[in-house]
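J.: I would like the atomic coordinates for the input below:
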Amino acid sequence: MTGPVRAKSPADLREQRRRRAHSCWDHLIAAPLWPMHGVNLGTLLRTCDAVGACLAVPRLPWVPEALDRGNTLRRRTCVHYTGDQLDWLAAQRARSSRIVGAELADEAVRLADLPPARERTVLVLGHERTGIPPEALEFLDVAVEIPMVGHGASLNVAVAGSLVLYRLAGLL
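T.: Now for the predicted structure:
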C-alpha cells in the first residue's frame with residue numbers, strides 16, 4: 001500500500017508542464033464559429049490555455065465582453081476574430097489545415113478513435129441547438145462524435161469542445 005495522496009502544489013505543476021512556447025496559429029485552433037452562450041466561450045478560452053491552443057471566434061457584438069468575463073486567468077490569452085465563418089473556413093482549407101468538426105454525422109469517428117493532431121488542426125464547433133450549418137460541413141475532413149449513454153443527444157459546446165481539444169492535444 002502506498003502513502004497518503006498529496007495534492008500537487010502550484011510550483012510542482014509549473015515544473016511538470018510542457019516547456020513548449022505557444023506560437024499563435026501554429027498547431028491547434030478551437031473555432032466555436034456559431035456561439036450561442038458567452039459562458040461557453042469563457043470555458044473554451046480556459047481549455048485553450050490548458051492545451052496550448054488558440055481560440056477563433058466571430059466578431060459578434062457580445063463576444064469581446066463574454067471573453068473578458070470568462071477569462072478567469074486574468075492574463076492575455078490567444079484569441080483571434082474570424083470575420084465571416086465560411087470565408088474563414090475556406091482560408092483554413094487553403095492553408096492545408098486539417099478541419100475537425102464536433103458533429104453528429106453518419107461518418108463520424110468516435111472520440112476515443114480520434115488521433116492526436118500531428119498537423120495544424122482546426123476544431124469547428126457549431127451552434128448549441130442546430131450544430132454546424134450544412135454549408136460548413138463541406139469543409140470538414142472528419143466529424144467526431146462523443147458517445148453518450150444518457151438521454152441527451154449531445155453535450156454543450158464548451159464541454160464537447162474541451163473533450164475534443166484534450167484529445168487532439170494528445171492529453172487524453
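J.: and the helix or strand where residue 164 lies, what does it pack onto?
T.: Using DSSP states H and E, residue 164 sits in helix 157-168. When contacts are defined as 3 or more C-beta pairs under 8 Å, 6 or more residues apart in numbering; DSSP states H and E, helix 157-168 sits against strand 28-32, helix 38-51, strand 98-102, strand 121-125. All C-beta spots, glycine's among them, are computed from the backbone N, C-alpha and C.
J.: so how far is it from its chain's centroid?
T.: 5 Å (C-alpha atoms, centre = their mean, to the nearest Å).
J.: go on, stretch 141-155?
T.: Averaging C-alpha coordinates over stretch 141-155 and over its chain gives two centres that are 15 Å apart (C-alpha atoms, centre = their mean).
J.: residues of that stretch that come out buried?
T.: Residues of stretch 141-155 classed as buried: 142, 143, 144, 145, 146, 154 (neighbour count, 16 or more other C-beta atoms under 10 Å).
J.: got those residues as TSV, with pLDDT and secondary structure columns?
T.: As requested, the buried residues of stretch 141-155 are exported to TSV (pLDDT from 0 to 100; DSSP: H, G, I helix; E, B strand; the rest coil):
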residue	pLDDT	secondary structure
142	97	strand
143	97	strand
144	97	strand
145	95	strand
146	94	coil
154	83	coil
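J.: low pLDDT regions in the protein?
T.: Across the chain, the ranges flagged by pLDDT under 70 are 1-2, 13-26, 70-76.
J.: for it, which residue is closest to the average position?
T.: To find the centre residue of the chain, average its C-alpha atoms and take the closest one (C-alpha atoms, centre = their mean): that gives residue 30, at 3.5 Å.
J.: my read: it touches residue 54, true?
T.: Yes. Between residue 30 and residue 54 there is a contact under C-beta atoms under 8 Å: 7.3 Å.
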